[in-house]
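Q: Just to be clear, the model below is a prediction. Sequence and coordinates:
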Amino acid sequence: MAPWLAETLTRMHAIGVNVHGVARIDGHEVLPAARSVVVLGSGGTALFDALCAEIRARPAALADEDHPLDSFVRRTLADCPTPADAVVVRAAGDETTFVDFRVLAHAAGLGHTSRLGLLLHDVHGPWLGLRVAVFTSQELSPTPMPASPNPCVDCTVCVPACPFDAITDAPDPRHGFDIRACAESHQTSDRCARTCHARMACPQGAPSRYSALQVHYHYDRSTGRRALAEHLRVDDTRSGAGPFWSDWSEDG
Ligand code: B12
């Protein structure tokens, strides 16, 4: 493995960005000369737990940040070596470049296309947040696709769980999700404002399931960070600021 990648993975895994995969690509709009993209994600509670530890040790990691979790990842990433030509894109509220993380992560072997629209990881199930993509012209060894069959083929548990019928029992689970119904429901209702009922119902990756506090933090900006501040007993004057969904992208 390239030394810069080994070092980057060590540092990122230490804060709970514990999943990675490599896809070989033939150029990308963010780096036309790209030949590989490394996708990093956080499975389960490890990243959130690491953020909590960081805030306990240094309350400014919450109080001084608009996007505490994104900033935590960004600070760690800043200490990681990357090739001179690399373009690094984060799935973050303060990121200016957009890439479609699920597509990249799927190409990098991180999981199956699930019935509920999320990438389904072999170990963590739907409890995987995608955090960083590193594009480089280096030809890195690609990660193979998951050897296991897609568990959604024989499972429809999430279908009745979605209150807006955004999920169907289509034989091919890749066609099971109606993003328009899901997205519209977030505009017209608050039933999914603090949770995704389908994700909660998914039987895959149960040991990686987020805690109630983590779900709250990821889903609802207006109250999630206040709940975190109260839990950690730190002051946070920014709690309650800003609407949820419109600019809250510390999801995952
Ligand atoms: C916008 C957005 C939303 C919007 C969607 C609005 C809309 N009109 O699209 C809303 C608010 C509904 C939403 C909800 C949620 N989201 Co969201 N969202 C995003 C975001 C920021 C962009 C997605 C996007 O617009 N893609 C581009 C458009 C063009 O994609 P699209 O048309 O939907 O789909 C195209 C491709 O993506 C592909 N495709 C569609 N679905 C899938 C699924 C897989 C697995 C693959 C491989 C390909 C694929 O087909 C389409 C044609 O090419 C991404 C982060 C990112 N930068 O990728 C997170 C992201 C997709 N969301 C994520 C999550 C976790 C959630 C929620 C659970 C909420 C939350 N708090 O975290 C819910 C889950 C709803 C559900 N059951 O799927 C995670 C998914 C992680 C994973 N394991 O897959 C991401 C990657 C964020 C992250 N940092 O991890 N989200």
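A: Thanks, I have the structure now.
Q: Who are the contact partners of the most centrally placed residue in the chain?
A: Nearest to the mean C-alpha position of the chain, by C-alpha atoms, centre = their mean, lies Gly129 at 1.8 Å. For Gly129, the residues meeting the contact criterion (C-beta atoms under 8 Å, 6 or more residues apart in numbering) are Gly41, Ser42, Leu47, Ala91, His218, Asp251, Gly252. Using the backbone N, CA and C atoms, a C-beta is placed for each residue, glycine as well.
Q: all strands in the stretch 51-200 of the chain, in order from the N-terminus.
A: Assigned strands in the stretch 51-200 of the chain, in chain order: 87-90, 112-113, 119-120, 128-136 (criterion: DSSP state E, counting those that start in this stretch).
Q: Whether the longest one contacts the ligand - can you check?
A: What that stands for is strand 128-136. Yes: Strand 128-136 comes into contact with the ligand (C-beta under 6 Å from any ligand atom), by way of Leu128, Gly129, Leu130.
Q: Looking at these, which one is closest to Arg238?
A: For these, the minimum distance to Arg238 (C-beta to C-beta) is 21.3 Å, reached by Gly129.
Q: What segments of the protein are helices?
A: 3-14, 46-57, 60-63, 68-78, 101-107, 179-188, 197-201, 212-219, 221-232 (DSSP state H).
Q: Poorly predicted segments of this structure, please.
A: When the per-residue scores of the chain are filtered using pLDDT under 70, the ranges that remain are 239-251.
Q: how about the residues of the protein near the ligand?
A: By the criterion of C-beta under 6 Å from any ligand atom, the positions of the chain lying close to the ligand are 91, 98, 100-103, 106, 113, 116-119, 126, 128-130, 179, 182-183, 186, 196, 198-199, 218-219, 245, 249, 251-252.
Q: Mark which of those are buried, thanks.
A: Those of these that meet the buried threshold are 91, 101-102, 106, 113, 116-119, 126, 128-130, 182, 196, 198-199, 218-219, 245, 249, 252, by 16 or more other C-beta atoms under 10 Å.
Q: Give me whichever of the strands of the stretch 51-200 of the chain is most buried.
A: Stretch with highest mean neighbour count among those: strand 128-136 (a mean of 26; mean count of other C-beta atoms under 10 Å).
Q: How far off centre is that strand?
A: Going by C-alpha atoms, centre = their mean, to the nearest Å, the spacing between the C-alpha centre of strand 128-136 and its chain's C-alpha centre is 9 Å.
Q: and if you look at stretch 225-232?
A: With C-alpha atoms, centre = their mean, you get 21 Å for stretch 225-232.
Q: buried stuff in that stretch?
A: When neighbours are counted by 16+ other C-beta under 10 Å, the buried residues of stretch 225-232 are found to be Arg225, Arg226, Ala227, Leu228, Ala229, Leu232.
Q: Just to check, the last one is in contact with Glu54?
A: No: here Leu232 does not reach Glu54: they are 10.2 Å apart, not a contact under C-beta atoms under 8 Å.
Q: thinking again about what came up before, which stretch among the helices of the chain comes nearest Arg24?
A: Closest approach to Arg24 among the helices of the chain is made by helix 101-107 (8.5 Å; C-beta to C-beta).
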